[in-house]
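1. Starting from these lines, generate the structure:
(3 chains)
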Amino acid sequence: MGDQFSVQLDRLDSLARDRLPGMAGALVEVLSHLNHVIDGTYGAFFAHPLGQEDVFAGTREEFRVTTDFLQQVLQDNVGNLELAALALREIASRYRRADGQE
Amino acid sequence: MSGYQEWADNMYGQRDHFLGLAAEYGMGLIGPRIPPLFDAFVCGDPDRVEEMVDHLNAAKYVLNKDLREHLGGAQLDMAGWVGDAAADFLDYLLQLEDAIGLLTECLDALIVILRSHAAVVLAMRQDALNLVDLALQGIEAAGADDWKVALAVVGAVAGVLGTVASLGTATGALVEVVTVMGSAISGSAGVAGAVIDASSELGVLDDMIKAGEGIVAEVREQTSAVDAGLRELARFVSGTKLAEVRPDRPDVITAPSFDPGSFGMTDEAQGRHPRPTDTTDLVPEPKRRPDGPYDRGRGMIDPDRDRYEEQGPA
Amino acid sequence: MNSEELNRRAAELTGRAAEVYSRVHRREETLRAARERAVAATGEASSPDGSVRVTVDAGGMVTALDLAPSALGSDPSRLAALVVRVAQEAAGRARAAVREVYTPLQREGVLRDAPVLLPEPHRGAPPPPRPRPQPRDDDFDRPVLRDEGW
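-> Here you go, the predicted model:
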């Protein structure tokens, strides 16, 4: 069992290599579900291609806008978590290098 | 055959029979007005909505189980790390927890919106079938001795979203969306009544078309409430609550250099181990990405307004 | 009502619409054929001695008039009266032919009203002519139609 120094670094490793990537992965899964929802847009607000009426054209457009913004929010959060994981791995690495462990 | 295909086949079958009837009666101005009516009745697919709602529920589950589990572990892992950057990172994790709650609300709001749309489509289909039923009755009655039939089309579409306004127990995005939709609905005339008064077969067809156009107008009215809900949700996630659903990048990403004192261990934990001396940037912060397809160019008032603000340096 | 229930009802209505269309189509076809037969109907009549023969179309228009040489030797006013009588008989037959087309359709309920201008065939003695209004004493030297109608 190591001292408190190595316990702290283990925690940082857990955060950088497990928790944050796990959160990003969960958000990627959420994003994948949202992408399926977006794929359904055309069908849910469908208008027959040969028809003269497109009753839900406006709703289809609003739905695309709203889901696009939600998609951007999720993508940004995933990106931030991945960057944060990289930053924390780098911090742990610098502590180890300073300690002569690497 | 999909449920939608079945519906469309029936609608187009009925359209063709009514066109045939109009042709038998001499068509006149009636014929060309029949196809647009049935084209409107085949718009929208409630079955597809259910598939989308399944995905949104699955997304909610992932947010509230997997993500929260990792988030709880992450907050525990931050124990013992001190300094401004460490506190800022812990704060970032806490903000993420709130963001999960808000994103769940957003997904709930999207479910309500989609279900409202499906309810409008189903109600339109019900009204369309009632109309066809009554028109056929009218045509059959038009051959009878009295040559008169007056039948009211009951409007299922009118007021179909009335229950949305009563979903008042929600919070966050959902309550804002529901409130906006409720206001849009209360402004609706809410009447899709129509009468088929058949003094002749052509008269029945004419009345059917007028009543059908009334149904479609009511569908558009109810749909405007769905549109209002979507706009409100878009405003919520891209404007007023963007910072809450997308917490700002923590200092460990944005700071140009690394200060071991701001993300460090307590003296007790550090002990005699040397502190890092490398103070260079931990990770380069990515530049702001280009606008999404719907960020700009909408509306006459401020076409250059960025609807969704990207993060990072320009 | 869910989409499956709506689809079931839609299928029923499509079937009903097909039946109604088919019935109306058959009826209109029958009526069209009847109209063609009625339009083509003619009536023909001859005088008892065969010297005058008239053919009339469905609209009552004389389409042929045959006069035997023997007819030309008769008194003009008698000949004219004979032609009128034979033409009226021919017109009556033309109307009867048209009626024969439509009456069964009316009985079967295919047709609600028979076409107009098809009076029932004349039966029995004609009603006596309406007496002309008699002038009253004080009507002398005044137009008799001034105060009274026909």
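
2. Provide a list of residues in contact with the residue nearest the centre of chain A.
-> Closest residue to the average C-alpha location of chain A: residue A:78 at 2.6 Å, with C-alpha atoms, centre = their mean. Residue A:78 sits next to A:24, A:27-28, A:31 when contact means C-beta atoms under 8 Å, 6 or more residues apart in numbering or on different chains. C-beta here means a position set from N, CA and C on the backbone, and glycine is covered the same way.

3. If you count neighbours, what's buried in stretch C:104-114?
-> Within stretch C:104-114, the residues scored as buried using 16 or more other C-beta atoms under 10 Å in any protein chain shown are C:105, C:110-111.

4. same deal with stretch B:53-68?
-> Buried residues in stretch B:53-68, counting neighbours by 16+ other C-beta under 10 Å, are found at B:53, B:55-56, B:58-60, B:62-63, B:66-68.

5. can you check stretch B:268-287 too?
-> Using 16+ other C-beta under 10 Å as the test for burial, stretch B:268-287 gives B:269-270, B:273, B:276, B:282-283, B:285.

6. interface residues of the stretch 201-314 of chain B facing chain C?
-> Within reach of chain C by C-beta under 8 Å from any C-beta of the partner chain, the stretch 201-314 of chain B has these residues: residue B:201.

7. number of nearby residues for the closest residue to chain C within the stretch 201-314 of chain B?
-> Going by C-beta to the nearest C-beta, chain C is nearest to residue B:201 of the stretch 201-314 of chain B, at 7.3 Å. When neighbours are defined as other C-beta atoms under 10 Å in any protein chain shown, residue B:201 has 25 of them.

8. And for residue B:257?
-> Using other C-beta under 10 Å, residue B:257 is surrounded by 9 other residues.

9. Can you pull the phi/psi pair for whichever residue of chain A sits closest to chain B?
-> The nearest approach of chain A to chain B comes at residue A:51, 3.3 Å away (C-beta to the nearest C-beta). When quoted as degrees, to the nearest 10, the phi and psi of residue A:51 stand at phi -80, psi 160.

10. So it is in contact with residue B:42, correct?
-> Yes: the pair residue A:51 / residue B:42 is scored as a contact, 6.6 Å apart, by C-beta atoms under 8 Å.

11. Which one's more surrounded, these two?
-> When neighbours are counted by other C-beta under 10 Å, residue A:51 and residue B:42 differ, and residue B:42 comes out ahead with 23 against 19.

12. follow-up on the earlier one: could you dump the buried residues of stretch B:53-68 into CSV with pLDDT, secondary structure and distance to residue C:70 added?
-> What follows is the buried residues of stretch B:53-68, written out as CSV (pLDDT from 0 to 100; DSSP: H, G, I helix; E, B strand; the rest coil; distance: C-beta to C-beta, whole Å):
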residue, pLDDT, secondary structure, distance to residue C:70
B:53, 96, helix, 98
B:55, 97, helix, 102
B:56, 97, helix, 103
B:58, 97, helix, 106
B:59, 97, helix, 107
B:60, 96, helix, 109
B:62, 96, helix, 112
B:63, 95, helix, 113
B:66, 91, helix, 117
B:67, 92, helix, 117
B:68, 93, helix, 120
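
13. And the furthest pair within these?
-> Greatest spacing in the buried residues of stretch B:53-68, by C-beta to C-beta: B:53 and B:68 (21.7 Å).

14. Look at residue B:261 and tell me its secondary structure.
-> With DSSP: H, G, I helix; E, B strand; the rest coil as the basis, the three-state label of residue B:261 is coil.

15. That one against residue B:81, yeah?
-> No: applying C-beta under 8 Å, one finds residue B:261 not in contact with residue B:81, separated by 11.9 Å.

16. Give me the more crowded residue out of those two.
-> Neighbour totals were compared for residue B:261 and residue B:81, and residue B:81 leads with 22 against 11 (other C-beta under 10 Å).

17. for the record, mean pLDDT for stretch C:22-35?
-> Averaged over stretch C:22-35, pLDDT sits at 88.

18. Now do the buried residues in it.
-> C:24, C:27-28, C:31, C:34.

19. How much space separates residue C:101 from residue C:31?
-> Going from residue C:101 to residue C:31 by C-beta to C-beta, to the nearest Å gives 10 Å.

20. what does residue B:238 give?
-> Going from residue B:238 to residue C:31 by C-beta to C-beta gives 65 Å.

21. Just confirm residue C:111 contacts residue C:105, I think it does.
-> Yes: if you go by C-beta under 8 Å, residue C:111 and residue C:105 touch, sitting 4.2 Å apart.

22. Overlap of the contact sets of the two?
-> The contact lists of residue C:111 and residue C:105 share C:31, C:34, where a contact means C-beta under 8 Å, 6+ apart.

23. For chain C, just list every one of the helices.
-> With DSSP state H as the criterion, chain C has helices at C:3-40, C:69-72, C:76-107.

24. now for those helices, which one comes closest to chain A?
-> Taking C-beta to the nearest C-beta, helix C:3-40 is the member of these nearest to chain A, at 12.6 Å.

25. where's the closest one relative to the chain centroid, distance-wise?
-> Relative to its chain's centre, helix C:3-40 lies at 30 Å (C-alpha atoms, centre = their mean, to the nearest Å).

26. does any part of it sit near chain A?
-> No: Helix C:3-40 is not in contact with chain A by C-beta under 8 Å from any C-beta; minimum separation 12.6 Å.

27. now the angle from that helix to helix C:76-107?
-> Orientation of helix C:3-40 against helix C:76-107 (axes from the mean of the first three to the mean of the last three C-alpha atoms, to 10 degrees) gives an angle of 160 degrees.

28. Does anything pack onto helix C:3-40? Which helices or strands?
-> helix B:3-24, helix B:84-142, helix C:76-107 (3 or more C-beta pairs under 8 Å, 6 or more residues apart in numbering or on different chains; DSSP states H and E).

29. Settle this for me: residue B:66 is touching residue A:22, isn't it.
-> Yes: using C-beta under 8 Å, residue B:66 is in contact with residue A:22, at 7.2 Å.

30. Which one of the buried residues of stretch B:53-68 is nearest to chain C?
-> Nearest to chain C among the buried residues of stretch B:53-68: residue B:53, at 13.9 Å, using C-beta to the nearest C-beta.

31. and that closest one, what does it touch?
-> The contact partners of residue B:53, by C-beta under 8 Å, 6+ apart, come to B:111, B:114-115.

32. What is the nearest of these to chain A?
-> For the contacts of residue B:53, the nearest to chain A is residue B:114 (6.9 Å; C-beta to the nearest C-beta).

33. got the contact list for the closest one?
-> Contact analysis of residue B:114 by C-beta under 8 Å, 6+ apart lists A:44, B:49, B:52-53, B:56.

34. at 10 Å instead, please
-> A:37, A:40, A:44-45, A:63, B:46, B:48-50, B:52-53, B:56, B:226, B:229-230 (C-beta atoms under 10 Å, 6 or more residues apart in numbering or on different chains).

35. Of the residues you listed - the most surrounded one?
-> residue B:229 (31 neighbours).

36. Which residue ranges of chain A form helices?
-> Ranges of helices within chain A are A:4-13, A:20-39, A:41-44, A:57-98, based on DSSP H.

37. Next one: the residue in chain A positioned nearest to chain C, what pLDDT does it get?
-> Nearest residue of chain A to chain C (C-beta to the nearest C-beta) works out as residue A:44 at 12.6 Å. We have a pLDDT of 95 for residue A:44.
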